[in-house]
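In: sequence first, then the predicted structure:
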Amino acid sequence: MRCLYPIEGTGGGAVTHALTLAEHLPKHGIQPILAFFLDGPSVNKAQDLRLDYRLVPWRFGLDFTLAWRLNKILREEDVDIIHTHTITGSFYSHMANFLYPQRLLFITTVHSFIIDELEGHTGMTFSDWSRYKRDLYLRRFVDQFIVVSDHLQNTLRKDGVPENKIVRIRHGIGIPNKDCCLKETAAKLELNIGRDKVVVGTVGRLVEVKNHKLFLKAAKRVLTSVQNIAFLIVGDGPLRQSLERLAQDLCIEDSVIFVGWQNEIGDFLKTIDIFVSCSITESQGLAILEAMAVSKPVIAADVNQLGETVIDGKTGLLIASNDLDGLVNAILTLVSDVTLRNELGRAGRQLVEGKHSIERMVRETAELYTRLYKEKCRQQSTRKGISCRQ
């Protein structure tokens with residue numbers, strides 16, 4: 001089977017998920033092809049991994065030539081399955097599929113809902129609302145939804161999506177050796193962070209929905225009580241300059257390190273002693289899972305489905321959304337209690353080992369592809385006498 005992944009190349013959890021599938025599915029007889037709409041760090045990562053990809057530039061707002069160019073890939077590469085992970089990827093892939101003589105099997109992984117992500121902005125424009133309504137309309141043309149959490153599954157059910165069109169496959173991540181985080185990391189040396197400092201860090205795109213402003217305001221408050229702390233922000237995005245200015249305005253620029261975008265965040269996660277997620281809305285949170293995989297305690301805003309992973313008092317600490325006092329108190333609690341940090345870190349790693357391995361995610365995805373493809377082939381052969389690839 002040949003599967004097309006149309007997606008942006010600018011990074012983020014959905015893109016990482018698609019890259020992971022593209023890297024590991026060939027072991028299960030699936031041939032993935034990535035179609036990137038935007039150039040960026042994920043395109044570089046695809047190059048490094050020697051994945052089969054195409055750069056299909058998204059040139060302007062409603063670029064219907066993109067649909068035509070995707071359709072050309074579908075024909076030239078004899079694609080069997082289209083698997084999308086983002087709202088933009090889904091829209092243009094639907095258009096490309098409509099142009100195809102025989103509509104191909106269409107699968108969408110739901111990582112979050114656009115209506116939730118828009119809550120992270122100051123207001124919803126007409127363009128935003130149009131994209132939201134367009135996405136709702138196009139759901140009827142999806143053959144199968146994959147969700148990464150119970151919360152997303154329940155939301156689709158409430159929205160009227162039939163039960164048999166929803167399957168849950170949890171995010172899968174690489175789980176390093178247990179001794180990995182006991183070693184001094186190169187990242188800590190590069191960043192000139194003293195060994196005796198407690199490092200509080202966060203990883204994510206520098207956009208409104210990730211709520212880095214709350215992280216910086218909490219850093220200011222924490223530093224008035226405890227001095228021996230460094231704050232690490234891994235990621236990049238349109239808000240970087242304004243966040244750097246905010247750190248200066250708060251007079252904490254000497255204690256906050258903006259690392260920028262990193263394709264490989266492993267060393268930085270090992271450097272962190274306490275991981276923080278302040279997001280206003282969040283899907284499964286790949287960076288959270290990766291932090292837990294290296295036994296780091298997590299503080300997270302209790303939004304959407306994060307409580308399925310960050311279990312308060314067991315694998316991490318939950319705070320109310322946008323709760324500055326709660327975040328400050330949680331950071332101070334973990335800074336002062338090494339034993340609690342270690343206990344939460346160990347429990348988090350155990351949870352990830354049990355539920356979020358790459359092997360499980362890839363195997364379940366391959367099994368789903370095979371089942372759906374065979375069902376579609378049977379339907380086609382019954383109606384039109386068409387034979388499918390074996």
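Out: Cool, got the structure.
In: okay, now the unreliable bits of the stretch 201-350 of the chain?
Out: 283-284 (pLDDT under 70).
In: what score does Arg170 have for pLDDT?
Out: pLDDT, Arg170: 90.
In: ah, wrong one, I meant Ser127
Out: The model's pLDDT for Ser127 equals 75.
In: for it, what are phi and psi?
Out: Per-residue torsions, Ser127: phi -60, psi -40 (degrees, to the nearest 10).
In: now do the contacts for it.
Out: By Cβ atoms under 8 Å, 6 or more residues apart in numbering, the contact set of Ser127 is empty. Every C-beta, even on glycine, is put in place using the N, C-alpha and C of the backbone.
In: any idea how far it lies from Lys133?
Out: 11 Å (Cβ to Cβ, to the nearest Å).
In: repeat that for Tyr369.
Out: Tyr369 is 30 Å from Lys133, by Cβ to Cβ.
In: between these two, who's got more neighbours?
Out: Tyr369 (23 against 10; other Cβ atoms under 10 Å).
In: ok, that one touching Ile81?
Out: Yes. In this structure Tyr369 lies within contact range of Ile81 using Cβ atoms under 8 Å: 6.0 Å.
In: any idea how the chain splits into domains?
Out: Taking automatic domain parsing as the criterion, the chain consists of the domains 2-172+357-384, 180-355.
In: deepest in the core, which of these is it.
Out: domain 180-355 (a mean of 19; mean count of other Cβ atoms under 10 Å).
In: circling back: what residues are shared contacts of Tyr369 and Ile81?
Out: What both Tyr369 and Ile81 touch, as defined by Cβ under 8 Å, 6+ apart, is the set Met1, Cys3, Ile107.
In: columns pLDDT on top of the residues you listed, output as JSON lines?
Out: Listed next are the shared contacts of Tyr369 and Ile81 as JSON lines, based on pLDDT from 0 to 100:
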{"residue": "Met1", "pLDDT": "91"}
{"residue": "Cys3", "pLDDT": "97"}
{"residue": "Ile107", "pLDDT": "97"}
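In: any chance of these in TSV, with secondary structure too?
Out: TSV is the format used below for the shared contacts of Tyr369 and Ile81 (DSSP: H, G, I helix; E, B strand; the rest coil):
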residue	secondary structure
Met1	coil
Cys3	strand
Ile107	strand
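In: which one among these gets closest to Arg59?
Out: Cys3 (25.1 Å; Cβ to Cβ).
In: any idea how far the closest residue in space to the closest one that isn't next to it in sequence is from Ile193?
Out: Spatial nearest neighbour of Cys3, chain neighbours left out: Ile81 (4.3 Å); criterion: Cβ to Cβ, 6 or more residues apart in numbering. Distance, Ile81 to Ile193, using Cβ to Cβ: 45 Å.
In: in the sheet, who's paired with the residue nearest to Cys3?
Out: Cys3, Leu105 (DSSP bridges).
In: correct me, but Ile358 touches Leu21?
Out: No. Using Cβ under 8 Å as the test, Ile358 is too far from Leu21 to be in contact (9.3 Å).
In: now the helices: where do they sit in the stretch 201-350 of the chain?
Out: 212-225, 240-249, 266-271, 286-293, 324-336, 338-355 (DSSP state H, counting those that start in this stretch).
In: wait, which of the ones you listed is closest to Asp52?
Out: Per Cβ to Cβ, nearest to Asp52 of the helices of the stretch 201-350 of the chain: helix 286-293, 22.8 Å.
In: and that closest one, what does it pack against?
Out: Packing partners of helix 286-293 (3 or more Cβ pairs under 8 Å, 6 or more residues apart in numbering; DSSP states H and E): helix 13-24, strand 198-203, helix 266-271, strand 274-277, strand 298-301, helix 338-355.
In: mind doing that once more with 10 Å?
Out: helix 13-24, strand 198-203, helix 266-271, strand 274-277, strand 298-301, strand 316-319, helix 338-355 (3 or more Cβ pairs under 10 Å, 6 or more residues apart in numbering; DSSP states H and E).
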